[in-house]
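**Student:** no sequence for this one, just the structure:
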């Protein structure tokens, strides 16, 4: 597992007055690293910001949404109606009228009603939702576009990829609200990049065939949305996407904006930098070679297994299994002093951000402010 030993700790230095008064655990967001990652992603799509539909469930902070907008991003994806309302308010404050948002999570009844309210309040933005049921498609409000949620094999949601009849029926029921296909291949997590690419290409070939079948049935597919963090480079490299006439292809990774250990292990050559660090203090030494900090599973994501993080600048500390408010570390060199601040880079940053109510945004000049996590 990577230790991020190539990073300059000076790039993550806390302002002196902040480190003295900061209540821990605290989520800190380093804005220069965020901007670096946004720029690297735009470079990865050959400078075409229109090719990236970032999933904002990772970031959940209005100021970060604004940074993406200022970089030229106009197509987004989110998971909750709260994220949708927050992003659309950012669009309005920045006087952006040509933006497009896909709420990429199955919505029913009260959640759909809430989305309709948001669409009515922000008519200047194009809103779409996922659908996997022909019966639901015909009842979705006319103000909302429809993407068919296609299950590529992850078995989390969506219509099975080989159920062409059901997909065609949803397109038919959607009518002129039909926007395209959503194809999240998050089940592809092979460590070997060549194996990962071949599996991704196999799925994309079937997706292209599906797009052509829709067109043969007179259903125009305006857009296909694929790929989270682990496969987006494969999707960019899949040339048949660029040959589809009248169909745009967009990737939708969101973890890349803040980056994390899991992503670094999978795509180490992209030169992304961790931007969201959890700061915690050493509070105990319960055993000879163990110290404990005050960041447990209530503040850092633990669902990816142990270790749940690495410590910036200290490879001698290895995170053990967290409990709710405690995260013990085995140490093999000098024992960290009680009260010392550890800078934790999460294994999985998305739920780590979601666990925080607030984040401290730190700029290059040391200026900082507190932001709400939405």
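**Tutor:** That came through fine. As the structure is a computational prediction, the values presented were derived from the model and not from experiment.
**Student:** tell me which residues of the helix of greatest length in the chain are tucked away?
**Tutor:** Across the chain, the helix with the greatest residue count (assigned by DSSP state H) is helix 193-216. By neighbour count on 16 or more other C-beta atoms under 10 Å, the buried set for helix 193-216 is 196-197, 199-201, 203-204, 207-208, 210-211, 214. The way it works is simple: take the backbone N, C-alpha and C, and place the C-beta from them, glycine included.
**Student:** ok, now stretch 292-304?
**Tutor:** 292-297, 299-302.
**Student:** Over to stretch 61-77?
**Tutor:** Neighbour counts over stretch 61-77 (16+ other C-beta under 10 Å) mark 61-69, 73-77 as buried.
**Student:** okay, those in a markdown table with secondary structure, distance to residue 121 and pLDDT next?
**Tutor:** Listed next are these as a markdown table, based on DSSP: H, G, I helix; E, B strand; the rest coil; distance: C-beta to C-beta, whole Å; pLDDT from 0 to 100:
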| residue | secondary structure | distance to residue 121 | pLDDT |
| --- | --- | --- | --- |
| 61 | coil | 21 | 98 |
| 62 | helix | 16 | 98 |
| 63 | helix | 22 | 98 |
| 64 | helix | 22 | 98 |
| 65 | helix | 17 | 98 |
| 66 | helix | 19 | 98 |
| 67 | helix | 24 | 98 |
| 68 | helix | 21 | 98 |
| 69 | helix | 19 | 98 |
| 73 | coil | 22 | 98 |
| 74 | coil | 19 | 98 |
| 75 | strand | 20 | 98 |
| 76 | strand | 17 | 98 |
| 77 | strand | 20 | 98 |
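**Student:** one step back: who touches the longest helix of the chain?
**Tutor:** 150, 152-153, 161-162, 164, 167-168, 171, 181, 183, 185, 188-190, 220-221, 224, 226-227, 230-231, 234-235, 237-238, 240-241, 244, 246-247, 266 (C-beta atoms under 8 Å, 6 or more residues apart in numbering).
**Student:** Give me the next element, helix or strand, following that helix.
**Tutor:** strand 223-226 (DSSP states H and E).
**Student:** follow-up on the earlier one: and the two most separated of the buried residues of stretch 292-304?
**Tutor:** For the buried residues of stretch 292-304, the farthest-apart pair by C-beta to C-beta is 292 and 301; their separation is 18.3 Å.
**Student:** quick one, what contacts the residue most central in space within the chain?
**Tutor:** Against the mean C-alpha coordinate of the chain, by C-alpha atoms, centre = their mean, the closest residue is residue 254 at 2.6 Å. Residues in contact with residue 254 (C-beta under 8 Å, 6+ apart) are 54-59, 77, 228-229, 350.
**Student:** What about the residues you listed, which are in strands?
**Tutor:** Counting by DSSP state E, the contacts of residue 254 place residue 77 in strands.
**Student:** Quick check: phi and psi on the residue of the chain most remote from its centre?
**Tutor:** Distance to the chain centre peaks in the chain at residue 288, reaching 38.8 Å (criterion: C-alpha atoms, centre = their mean). Dihedral pair for residue 288: phi -50, psi -50, per degrees, to the nearest 10.
**Student:** can you check residue 280 too?
**Tutor:** phi -140, psi 150.
**Student:** Distance of it relative to residue 144?
**Tutor:** From residue 280 across to residue 144, the span is 42 Å (C-beta to C-beta, to the nearest Å).
**Student:** what do you get for residue 169?
**Tutor:** 19 Å.
**Student:** The two: who's more crowded?
**Tutor:** Remark: of residue 169 and residue 144, residue 144 carries more neighbours, 20 against 17, as counted by other C-beta atoms under 10 Å.
**Student:** shouldn't that one be in contact with residue 177?
**Tutor:** Yes. Using C-beta atoms under 8 Å, residue 144 is in contact with residue 177, at 6.9 Å.
**Student:** I'd like the buried residues of stretch 292-304 laid out as a markdown table, including pLDDT and distance to residue 259.
**Tutor:** Converted to a markdown table, the buried residues of stretch 292-304 look like this (pLDDT from 0 to 100; distance: C-beta to C-beta, whole Å):
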| residue | pLDDT | distance to residue 259 |
| --- | --- | --- |
| 292 | 98 | 26 |
| 293 | 98 | 21 |
| 294 | 98 | 24 |
| 295 | 97 | 19 |
| 296 | 97 | 22 |
| 297 | 97 | 21 |
| 299 | 98 | 18 |
| 300 | 98 | 15 |
| 301 | 98 | 14 |
| 302 | 96 | 19 |
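**Student:** Return the closest of those with respect to residue 355.
**Tutor:** residue 299 (5.5 Å).
**Student:** how many neighbours does the residue nearest to the closest one when sequence neighbours are not counted have?
**Tutor:** Spatial nearest neighbour of residue 299, chain neighbours left out: residue 25 (4.2 Å); criterion: C-beta to C-beta, 6 or more residues apart in numbering. Per other C-beta under 10 Å, the neighbour tally for residue 25 reads 22.
**Student:** just to revisit the earlier point, do you know how far the residue nearest to the centre of the chain is from residue 94?
**Tutor:** Distance from residue 254 to residue 94, by C-beta to C-beta: 19 Å.
**Student:** ditto for residue 110
**Tutor:** On the measure of C-beta to C-beta, residue 110 and residue 94 end up 30 Å apart.
**Student:** now swap in residue 347 and tell me
**Tutor:** For residue 347, the distance to residue 94 - C-beta to C-beta - is 33 Å.
**Student:** Residue 301 now?
**Tutor:** For residue 301, the distance to residue 94 equals 30 Å [C-beta to C-beta].
**Student:** related to what we said a few turns ago, among the contacts of helix 193-216, name the ones in strands.
**Tutor:** 150, 181, 183, 224, 226.
**Student:** How much space separates the last one from residue 293?
**Tutor:** It stands for residue 226. 38 Å.
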